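Trainee: What shape does this take:
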Amino acid sequence: MRCVESSKPPDEREELRQLAAGLRRHLETRARAGIHAIPKTVTKAAMPPMTPSKPIAAAEDNLFIAAEPAVQQAPSLEELRAAIGDCRRCKLASGRTNLVFGVGDPRANVMFVGEGPGRDEDLKGEPFVGRAGQLLTDIITKGMKLKREDVYIANVVKCRPPGNRDPEPDEVEACEQFLKKQVDLVRPKVIVALGRFAVQCLLRSKQPITRLRGQWHEYEGIKLMPTFHPAYLLRNPGDKKLVWEDIQKVIEALKTA
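Mentor: Numbers count the residues shown, from 1 in each chain. Okay, the predicted model is just below:
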């Protein structure tokens, strides 16, 4: 029996495949969160405005992300943390010691966003507390002349990936609504994205961080400065001068914000 070749162009078939994969991941995420019903109707007022079509990239665009009502409506960081609860929305939950939510001033002018918790962070339940965390603290206190508690620090994902590997698309998707809500509640003047993975996730870009860092970008209407992760600087101390250049731009932006 001979297979009949699809009449659709290869790029269109790939878009449909990625669309189906994104929908499947979204439904699995909702099921893990205990959400099993899909609204039957969508009112005209709730329909988003039409935008020009573009190639679908399910792992990058997260087209099906929809914040849970308790998350979307949380009026404070404390109530957002309560809404997250003992999160089992993705497979990272089974290997974590502590969920690492975020720390700092809930009205901070600067928000630092990293990739995800490491071993020390997983044990303590606080972001950036290991050797890389100490270097970030030095950047904040010695470079920016601020206290660590004056800024807000969070990660793209809230649970430690096994072996500190990159978070996978479904794990990022499960946590995305939490980070977006954190940004919305803190509403910083500047976001500093730390490291390749965080930068590429926030900017929906596959460009290398060497091309993105040092240039102003935007996330959720807020100025974003990409720079190297402190853990990278521990391995490549010669690039500390580049991070200092980026941080100086942040300092200047805060003066005029």
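Trainee: Tell me which stretches of the stretch 51-200 of the chain form strands.
Mentor: For the stretch 51-200 of the chain, the strands defined by DSSP state E, counting those that start in this stretch occupy 103-104, 110-114, 152-155, 190-194.
Trainee: Redo those as JSON lines? Include distance to Leu123, mean neighbour count and mean pLDDT.
Mentor: Just so you know, the C-beta spots here come from the backbone N, C-alpha and C atoms, and that holds for glycine as well. Converted to JSON lines, the strands of the stretch 51-200 of the chain look like this (distance: least, C-beta to C-beta, whole Å; neighbours: other C-beta atoms under 10 Å; pLDDT from 0 to 100):
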{"stretch": "strand 103-104", "distance to Leu123": "15", "mean neighbour count": "20", "mean pLDDT": "98"}
{"stretch": "strand 110-114", "distance to Leu123": "16", "mean neighbour count": "26", "mean pLDDT": "98"}
{"stretch": "strand 152-155", "distance to Leu123": "15", "mean neighbour count": "26", "mean pLDDT": "98"}
{"stretch": "strand 190-194", "distance to Leu123": "20", "mean neighbour count": "26", "mean pLDDT": "98"}
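Trainee: Save those as a markdown table, and put in distance to Gly95 too.
Mentor: Below are these laid out as a markdown table (distance: least, C-beta to C-beta, whole Å):
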| stretch | distance to Gly95 |
| --- | --- |
| strand 103-104 | 22 |
| strand 110-114 | 19 |
| strand 152-155 | 16 |
| strand 190-194 | 23 |
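Trainee: which one of the ones you listed lies closest to Arg96?
Mentor: The closest of these to Arg96 is strand 152-155. By C-beta to C-beta, the value is 12.4 Å.
Trainee: partner strands of that closest one, parallel or antiparallel?
Mentor: strand 103-104 (antiparallel), strand 110-114 (parallel) (DSSP bridges).
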